[in-house]
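Peer 1: sharing a model that was predicted from the sequence below.
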Amino acid sequence: MTRSTMTGAARRRAFAVAAGGASLALVLAACGGGGDGGDGGGDGGDAAATPEIDCSAYEEFGDLEGTEVSVYTSIVEPEQATQEDSYDPFEECTGVTVNYEGSREFEAQLLVRIQAGNAPDIAYLPQPGLLNTIVTDFPDAIVPAPEATVSNVDEFFSESWKDYGTVDGTFYAAPLGSNVKSYVWYSPSMFEDAGYEIPTTWDEMMDLTAEIADSGAIPWCAGVESGDATGWPATDWIEDVVLRTAGPEVYDQWYTHEIPFNDPQIVEAFDATGDILKDPAYVNGGLGGVDSIATTAWTDAGYPILDGSCWLHRAANFYQTQWPEGTEVAEDGDVYAFYLPTNQTDIKPVLGGGEFVAAFNDRPEVQAFQTYLSSADWANAKAMTTPMGGWVSANNGLDPENLATEFDQLSAEILADPDAVIRFDASDLMPGEVGAGTFWTGMVNWFTGSDTQEVVDTIEASWPASSS
Amino acid sequence: MTSTPIPPVVPDTDLTTEGETEGPRGPRKISRLEKRAIAAKGRLSSPWASFLAILIALLWTIPSVGLLVTSFRPELDIRRSGWWTVIPGIFTGEAEFTLDNYDQALYGSGSNLSTYFVNSFVITLPAVVIPITLALLAAYAFAWIEFRGREILFVAIFALQVVPLQVALVPLLRDYVTVGLNGTFWTVWLSHSIFALPLAIFLLHNFMKDIPRSLVEAARVDGAGHVKIFFQVLLPLLVPAIASFAIFQFLWVWNDLLVGLTFADVGTYPLTVRVAEMAGSRGGDWHILTAGAFISIIVPLIVFVALQRYFVRGLLAGSVKG
């Protein structure tokens, strides 16, 4: 008897506590909601550190307060921090929390997560080929871009960038950041001391190469080692030269396999590259012979420029962040880069790359965030939250003044040049078996003894039959 | 063993022939065993064998030493030359060493490494305890309880060791997502337990089988049930086997990257996942990896050195069965 009344009382007490807690929580929630709504306007004023944006663009998505968006990318620390900072204005506007996750195993793990039904809300795909794979293999997982994003992309990006995010006529993924790969790194002070001019045509560059070689130095250095992706820096070399010797039309036919990989025009580009990279008199400054290109880490291949044992190193704009700490990247600094010149007079071919924002959920907060990422507001916010530089976007609403370094401004200038013909990295557009397989290994074989015909024939033979 | 005089008729013929060549009868049996022991000792401790053992040990240690040396070198040196190039420098005092890599690995990024240390512990301890507990119970049943299909079931479990765990990744993750476990530590704990159980059951079963049947039967005669036999007769005898498997499993889970990467979430990632990210988006910071590796190695090193005698003893007990 007593025992049962005891438990009864205890139970009642417990219930009272729970009810009290619940009502307290309700009160708190109500206060929180009201408070947030009230000072929403005030926040914009006192947040001086973060760039201000126009919040009205996200009103159409409704009240997003307290929602969350998960983002999964291949961008890890230290770049991760600048990415997260650039979301602050959006978070302040809408009250959405963006949960960022970066992984170097992104490309493998994203597919695992999609298969497991655990896809992130948003993923930054580093290549259009991956978008293609996802749309083909998991058409139910990925969702097309919302209207607001499409109109942003139409406004701020060129047609070709939009095409890379389109599969079978449906636009899925808006471009995010961009890379400019057509660069040659050099030491401004060495050039000045030797009295060399920056070449403006391919022929001038070859003359300069010969001149440096005649003076007893080795002009070029290169390296393509990159773990299980070894070979990719060399594919960029070939792609850049195809754009210059054969032109953008042939380039498009080449990666879509309208012409075979061993087409004479491609062989010509290989040979033009080989005039530099396979000539023992021209490579590999400070690093060894021609075959040392295959074994030198791409991250370190430009370092001989710093001690004067190499003069020229072709690498993308993101090589900027690979230089050792304390290296000054500027026109009057330790290293700088010039546009890889061309003999073409009517166009300036630019080899580029970039990430694309794919969404796997169509909740309003996800669509709002997609729209933010495709806006000029985001591009400018990202530029301002990246004080060390090393980032640029093809977004034409990006004000070059906001970019942190002189070099990033140069990249933005190249991307915005009306003569520029931007082509995406072909190896990222080819089928994975080739673009992330035989093209890479073929380049390594090319540096270690195989001749051009042998290499292009092998790559052509490996092209999968299904995707013509 | 004792000094019982040997009768003229000895069943073991070996002993008699051996005995005739020797002198006194009493210690004969022992002397033969001793001789074998001495011979074995001689074979094992010949200078050549020692030399070989030391040579192999040295060769096998070189890569680790190289990593250790590298982890203390300045970034530019790591990128430009091999670690062995510091050896002449050590004697002339020109070699340059720095703690920068460790500093960068520990404090370099926005995320604190200590969180991942804690995660690794939170993952590892249950991932060791759960499979051992289950495997002990299963092993006891397989060893001492008669039931239909016991042999087939045991062979089936043993055969599961052949299945590579990679094939289970996606289906398992899909189940976790369906059940709603995703984002908790349970995904990692359960996965490690699942992957560890076949070997754990096999090892512990073999060990339990080695315990004399008479011991268990005696306990049964005295009125002990399964629970009492398990806890009071078998468990004390199993300590070395349990310890050895625990170390084995601890090292496996602590060093695991694949399971952690696939099943863990932002809040539950173990240290290995963080170390793998240290190289940076494009792999440009690979010089920190050596320092990261040595930071993550500290815990397993301590565990292994502290408990290695169990490790060797238990491995021998479990695998070499007469």
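Peer 2: Yes, it's here.

Peer 1: any low-confidence regions in the stretch 1-150 of chain A?
Peer 2: In the predicted model, the stretch 1-150 of chain A carries pLDDT under 70 at residues A:1-50.

Peer 1: repeat that for 80
Peer 2: Counting by pLDDT under 80, the ranges of the stretch 1-150 of chain A that qualify are A:1-52, A:78.

Peer 1: and the helices in the stretch 101-250 of chain B?
Peer 2: Per DSSP state H, counting those that start in this stretch, the stretch 101-250 of chain B carries helices over the ranges B:113-144, B:150-159, B:169-179, B:186-210, B:213-221, B:226-228, B:235-255.

Peer 1: quick one: closest of those helices to A:A315.
Peer 2: Closest to A:A315 of the helices of the stretch 101-250 of chain B is helix B:113-144 (CB to CB; 31.1 Å). C-beta: built from backbone N, CA, C; applies to glycine.

Peer 1: and the closest one, what does it pack against?
Peer 2: Secondary-structure packing of helix B:113-144 (3 or more CB pairs under 8 Å, 6 or more residues apart in numbering or on different chains; DSSP states H and E): helix B:100-107, helix B:150-159, helix B:186-210, helix B:235-255, helix B:271-277, helix B:289-319.

Peer 1: enumerate the residues of chain A near chain B.
Peer 2: Within chain A, the positions lying close to chain B (CB under 8 Å from any CB of the partner chain) are A:74-81, A:99, A:101-105, A:109, A:112-113, A:115-118, A:226-227, A:297, A:299-300, A:303, A:318, A:321-322, A:324-325.

Peer 1: quick one: secondary structure of B:S50?
Peer 2: helix (DSSP: H, G, I helix; E, B strand; the rest coil).

Peer 1: swap in the one 3 residues further on?
Peer 2: The local conformation at B:A53, judged by three-state DSSP, is helix.

Peer 1: state the pLDDT value of it.
Peer 2: pLDDT, B:A53: 90.

Peer 1: can you report how many residues neighbour B:P88?
Peer 2: For B:P88, the count of nearby residues is 10 (other CB atoms under 10 Å in any protein chain shown).

Peer 1: same thing with the one 3 residues further on?
Peer 2: The number of residues packed around B:F91, counting by other CB under 10 Å, is 8.

Peer 1: can you give me phi and psi for it?
Peer 2: Backbone torsions of B:F91, given as degrees, to the nearest 10, read phi -80, psi -30.

Peer 1: got it, and A:G354?
Peer 2: Main-chain torsions, A:G354, degrees, to the nearest 10: phi 170, psi 180.

Peer 1: so it is in contact with A:P175, correct?
Peer 2: Yes: with contact defined as CB atoms under 8 Å, A:G354 reaches A:P175; the gap is 5.5 Å.

Peer 1: what touches both of the two?
Peer 2: A:161, A:164, A:393-394 (CB atoms under 8 Å, 6 or more residues apart in numbering or on different chains).

Peer 1: now do the contacts for the closest residue to A:M430 other than its chain neighbours.
Peer 2: Nearest non-adjacent residue to A:M430, counting by CB to CB, 6 or more residues apart in numbering or on different chains: A:Y255, 5.3 Å away. With contacts defined as CB under 8 Å, 6+ apart, the neighbours of A:Y255 are A:426, A:429-430.

Peer 1: most surrounded residue in those residues?
Peer 2: Most neighbours among these, by other CB under 10 Å: A:M430, with 25 neighbours.

Peer 1: do you know how far that residue is from A:W446?
Peer 2: According to CB to CB, to the nearest Å, A:M430 stands 17 Å off from A:W446.

Peer 1: re the thing from before, which among the residues of chain A next to chain B count as buried?
Peer 2: By neighbour count, with 16 or more other CB atoms under 10 Å in any protein chain shown, those hold A:74-80, A:101-105, A:109, A:112-113, A:115-116, A:118, A:226, A:297, A:299-300, A:303, A:318, A:321-322 as buried.

Peer 1: among those residues, name the ones in helices.
Peer 2: Assigned to helices by DSSP state H, the following of these qualify: A:79-80, A:109, A:112-113, A:115.

Peer 1: which non-adjacent residue is nearest the most centrally placed residue in chain A?
Peer 2: Closest to where the C-alpha atoms of chain A average out (CA atoms, centre = their mean) is A:G354, at 3.3 Å. In space, and not counting its chain neighbours, A:G354 is closest to A:S178: 4.1 Å by CB to CB, 6+ apart.

Peer 1: do I have it right that that neighbour meets A:G353?
Peer 2: Yes: shown here, A:S178 and A:G353 form a contact pair, counting by CB under 8 Å, at 7.1 Å.

Peer 1: in terms of neighbours, single out the busier of the two.
Peer 2: Applying other CB under 10 Å to A:S178 and A:G353 shows that A:S178 carries more neighbours, namely 25 against 20.

Peer 1: then that one would be within a helix, right?
Peer 2: No: looking at A:S178 with three-state DSSP, it is strand, so not inside a helix.

Peer 1: so who does it touch?
Peer 2: A:352-354, A:392-394, A:415 are the contacts of A:S178 under CB under 8 Å, 6+ apart.

Peer 1: mind checking how far it is from B:L238?
Peer 2: 62 Å.

Peer 1: backbone phi and psi for the closest residue to A:F407 other than its chain neighbours, please?
Peer 2: Nearest residue to A:F407 in three dimensions, chain neighbours excluded: A:V329, at 5.3 Å (CB to CB, 6+ apart). When quoted as degrees, to the nearest 10, the phi and psi of A:V329 stand at phi -100, psi 100.

Peer 1: quick check: A:V329 touching A:T321?
Peer 2: No: counting by CB under 8 Å, A:V329 does not reach A:T321; the two are 9.1 Å apart.

Peer 1: ok, residues contacting stretch A:268-277?
Peer 2: Stretch A:268-277 has contacts (CB under 8 Å, 6+ apart) with A:206, A:209, A:220, A:222, A:234, A:237-238, A:241-242, A:244-246, A:282-283, A:290, A:293, A:446-447, A:452, A:455-456.

Peer 1: same thing but at 6 Å, please
Peer 2: Outside stretch A:268-277, the residues within contact range by CB atoms under 6 Å, 6 or more residues apart in numbering or on different chains are A:220, A:237-238, A:241-242, A:245-246, A:282-283, A:452.

Peer 1: in it, what counts as buried?
Peer 2: Neighbour counts using 16+ other CB under 10 Å place A:268-270, A:272-274, A:276-277 of stretch A:268-277 among the buried residues.

Peer 1: centre of the chain to stretch B:131-141, how far?
Peer 2: Distance, stretch centre to chain centre, for stretch B:131-141: 18 Å (CA atoms, centre = their mean, to the nearest Å).

Peer 1: let me redo that: stretch B:165-184
Peer 2: The answer for stretch B:165-184 is 26 Å, by CA atoms, centre = their mean.

Peer 1: got the phi/psi numbers for A:V69?
Peer 2: Per degrees, to the nearest 10, the backbone of A:V69 is at phi -130, psi 130.

Peer 1: whoops, I mixed them up, A:R423
Peer 2: Given degrees, to the nearest 10, the pair of backbone angles that A:R423 has is phi -120, psi 140.

Peer 1: what is it paired to in the beta sheet?
Peer 2: Counting by DSSP bridges, A:R423 forms beta bridges with A:L351.

Peer 1: any idea how far it lies from chain B?
Peer 2: 21 Å (CB to the nearest CB, to the nearest Å).

Peer 1: neighbours of that residue, how many?
Peer 2: For A:R423, using other CB under 10 Å, the count is 22.

Peer 1: would you mind giving the contacts of stretch A:268-277 as TSV with pLDDT and secondary structure added?
Peer 2: TSV is the format used below for the contacts of stretch A:268-277 (pLDDT from 0 to 100; DSSP: H, G, I helix; E, B strand; the rest coil):
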residue	pLDDT	secondary structure
A:W220	94	strand
A:W237	93	helix
A:I238	94	helix
A:V241	95	helix
A:V242	95	helix
A:T245	94	helix
A:A246	92	coil
A:Y282	93	coil
A:V283	90	coil
A:T452	93	helix
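
Peer 1: that concludes my questions; thank you for your assistance.
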